[in-house]
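*Asks:* Quick one: sequence plus predicted model below, questions after.
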Amino acid sequence: MKRQLDLFMYPDKIEAGCDEAGRGCLAGPVVAAAVILPRTFAHPLLNDSKQLSEKQRDKLRPIIEREALAWAVAIVNNHEIDQINILNASIVAMQRAVAQLPIVPEHLLIDGNRFKPYKKIPHTCVVKGDGKYLPIAAASILAKTHRDALMQNLNKEYPGYGWDKNKGYPTKAHRAGIENLGTTPYHRLSFRLLDKQLKLGM
């Protein structure tokens, strides 16, 4: 039986759920979202984005964007990731998403176990929070769907890597593209791009 997700941690506070997508990718940005849901929000499909099909995520995205009290999406590109590392980039992306919210939250629910305080807004890190709290689950869906759409567009620019299917993750097709074609301006050069790391003009 699917676990019922909680709508908030502190009922008396304006809470924003925060999550990111794309940490483990070899190419493209890390994308984060922050979402503040109304107290009455409910949807039977809403769960951790990784537990949902692409079709289900795409169905939920406009519902979340329409019904949320506030939402925002932000990115940290691959060049920034190479400069500050993926952990810091994920935190920065979530902070940027929070900064763009039109409503200032009183508490942040962060998916995972690492975050850096942002503008003195209290936060709580929740491991596997996208399977525990609805605002984090909503953020995970926005981050994932916005990033997937971005990688679909980048695939038109660089079609040899299978980004329309793998979204930049390290699949066999993606690594074969790197080996055959070299890297693109969107690859994370600080990552291990091939199992046998080759010199590809990096």
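*Replies:* Perfect, I can see it now.

*Asks:* for the protein, what spans make up the strands?
*Replies:* Chain-ordered strands for the chain, with DSSP state E as the definition, fall at 15-21, 30-36, 70-76, 107-111, 123-126.

*Asks:* Reformat the ones you listed as CSV; add distance to residue 175.
*Replies:* Bear in mind the C-beta positions are built from the backbone N, C-alpha and C, glycine included. What follows is the strands of the chain, written out as CSV (distance: least, CB to CB, whole Å):
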stretch, distance to residue 175
strand 15-21, 20
strand 30-36, 20
strand 70-76, 23
strand 107-111, 28
strand 123-126, 32
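
*Asks:* Apart from its chain neighbours, what residue comes closest to residue 178?
*Replies:* Using CB to CB, 6 or more residues apart in numbering and skipping residues adjacent in sequence, the residue nearest residue 178 is residue 193, 5.2 Å away.

*Asks:* Sorry, wrong one. I was asking about residue 64.
*Replies:* Nearest to residue 64 is residue 138, by CB to CB, 6+ apart, at 4.8 Å.

*Asks:* List the contacts of that neighbour.
*Replies:* With contact set as CB atoms under 8 Å, 6 or more residues apart in numbering, residue 138 has these partners: 17, 33, 35, 37, 46, 60, 64, 68, 71.

*Asks:* From those, pick the one nearest residue 113.
*Replies:* residue 17 (15.5 Å; CB to CB).

*Asks:* Look up which residues are beta-bridged to the closest one.
*Replies:* residue 35, residue 109 (DSSP bridges).

*Asks:* Hmm, it is touching residue 141, no?
*Replies:* No: between residue 17 and residue 141 there is no contact under CB atoms under 8 Å: 10.4 Å.

*Asks:* Could you list the low-confidence segments of the chain?
*Replies:* The chain contains residues with pLDDT under 70 at 1-3, 196-202.

*Asks:* Looking at it, which helix is longest?
*Replies:* Assignment by DSSP state H gives helix 134-157 as the longest helix of the chain.

*Asks:* Compare the strands of the chain and give me the one nearest residue 101.
*Replies:* Of the strands of the chain, nearest to residue 101 by CB to CB is strand 70-76, at 4.7 Å.

*Asks:* Quick one: list the elements packing against the closest one.
*Replies:* If contacts are counted by 3 or more CB pairs under 8 Å, 6 or more residues apart in numbering; DSSP states H and E, strand 70-76 sits against strand 30-36, helix 86-100, helix 134-157.

*Asks:* buried set for the longest one?
*Replies:* Put plainly, it is helix 134-157. 134-148, 150-151, 154-155 (16 or more other CB atoms under 10 Å).

*Asks:* Stretch 89-106 too?
*Replies:* Buried, per 16+ other CB under 10 Å, within stretch 89-106: 89-98, 101, 105.

*Asks:* I'd like to know which of the residues you listed is nearest to residue 41.
*Replies:* When those are compared for distance to residue 41 (CB to CB), residue 105 wins out at 15.2 Å.

*Asks:* From residue 111, how far out is the closest one?
*Replies:* Using CB to CB, to the nearest Å, we find residue 105 at a distance of 15 Å from residue 111.
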